[in-house]
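Novice: Predicted model, plus sequence, below.
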Amino acid sequence: MAWILFTFLAALMQAWRNAFQSQLSKDVNIAGVTLARFLWATPIAIIYLLGLYVWQPVGLPFITLKFTAYVLGAAAMQILATALMVKLFKMKNFAVGAGLAKSEALVAAILGVLFFGTHLSLLGWLGVLIGVIAIFMMSSKQGFRQLSLSTILLGLACGTAFALTSLWVREASLNLDLPFPHRAAWVLLFVIAIQTSVLLIYSYVVDKNTIDSLLQRPKLTLLTSVTSCLGSIGWFSAMSLQAVPYVKTLGQVEVFFTLLIATFWLKNKVEIKDMLGLILIAIAAILVMWG
């Protein structure tokens, strides 16, 4: 049952990472906040992989074209998902932005029905309906009569990008002929190294001030990178051991970590409507996976 422990680690670290990114987004642009997630993560991923080889020496991975495609796809989708979530933070408060991003499980279920031959029971469709209501509730500033369509679409796009990231990470891991957890660690290193390189080049070419703004906030940037990398170790490891739907269902405990952090650390005012929305998203995801 190691995947359960890895999932709890991932959910807790992701909640803290989102909180740190929310704080950064007040003074740093979207590209900078996205880069902060990966800036110091590559050295941590290398140390983690080396530690695994010291503990249990195994061979090096055989890289195939299919593995490369999955890694590149996952890296791109995670960058996109992170950027969209940062934009959600800028549009609404931390708890609501993170909650809308958790539409990931629902979007994955719908994509499965449409494109991958997945069957949803009545219980599963009930979960989808509850999730839609929750997203509408959280994105509406003054009730259902004045829904914010842009926030809804942004949340769904963010969830879709995260869903594709998770599915492709698992496929990449399964394409490596290595024991666990080495295959998960290799996927983690490849994905993070690609993301860091792409974002550094983009920031240097497009806006050099992005990197400077992060260096001026070393503590918050480091905390974002560390929690992000630890969270990714948890997610990648769990998804190497167990199917994505089970991992993401259990991972909904992040919703409650998010509420606690938003209330007691960030001192955000979380309205009853938003709290109910977050809880409904968790319930909806569980119903979808059970269905």
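Specialist: Structure's in. What do you need? Computed from a predicted model, the values in this text were never measured in an experiment.
Novice: ok, V253 touching F8?
Specialist: Yes. Look at V253 against F8 with CB atoms under 8 Å: they come within range, at 6.7 Å. No exception for glycine: its C-beta is placed from N, CA and C like everyone else's.
Novice: and F62, what helix or strand is that in?
Specialist: For F62, there is no enclosing helix or strand under DSSP states H and E.
Novice: Can you check the pLDDT for it?
Specialist: Per-residue pLDDT puts F62 at 91.
Novice: do the one 4 residues further on as well
Specialist: Per-residue confidence at K66 stands at 93 (pLDDT).
Novice: Spatially nearest residue to it, not counting backbone neighbours?
Specialist: N175 (5.6 Å; CB to CB, 6 or more residues apart in numbering).
Novice: how close does that neighbour sit to A41?
Specialist: Look at N175 and A41: by CB to CB, to the nearest Å, they are 22 Å apart.
Novice: what about the two, which has more around it?
Specialist: A41 (27 against 20; other CB atoms under 10 Å).
Novice: and the closest residue to the more buried one other than its chain neighbours, what element?
Specialist: Excluding the flanking residues, the one nearest A41 by CB to CB, 6+ apart is C229, at 3.9 Å. According to DSSP H and E, C229 maps onto helix 218-241.
Novice: Following the chain onward from that helix, which element is next?
Specialist: With secondary structure assigned by DSSP H and E, helix 218-241 is succeeded by helix 244-250.
Novice: Show me the contact partners of that following helix.
Specialist: 3-4, 7-8, 11, 104-105, 108-109, 166-167, 170, 235, 238-239, 285-286, 289 (CB atoms under 8 Å, 6 or more residues apart in numbering).
Novice: List buried residues within those.
Specialist: 3, 7-8, 11, 104-105, 108-109, 166-167, 170, 235, 238-239, 285-286, 289 (16 or more other CB atoms under 10 Å).
Novice: Next step: those restricted to helices.
Specialist: Those of those mapping onto helices are 3, 7-8, 11, 104-105, 108-109, 166-167, 170, 235, 238-239, 285-286, 289, per DSSP state H.
Novice: Lowest mean pLDDT among the helices and strands of the protein, which one is it?
Specialist: The helix or strand of the chain with the poorest confidence is helix 94-101; it has a mean of 65 (mean pLDDT, DSSP states H and E).
Novice: one step back: what comes up buried for the helix holding C229?
Specialist: 220-221, 223-241.
Novice: Can you name the residues that contact A157?
Specialist: L84.
Novice: returning to what we had before: could I get the average pLDDT for the helix holding C229?
Specialist: Rounded mean pLDDT across helix 218-241 is 93.
Novice: for it, packing partners?
Specialist: Packing contacts for helix 218-241, counted by 3 or more CB pairs under 8 Å, 6 or more residues apart in numbering; DSSP states H and E, involve helix 2-24, helix 30-38, helix 41-55, helix 149-174, helix 182-206, helix 244-250.
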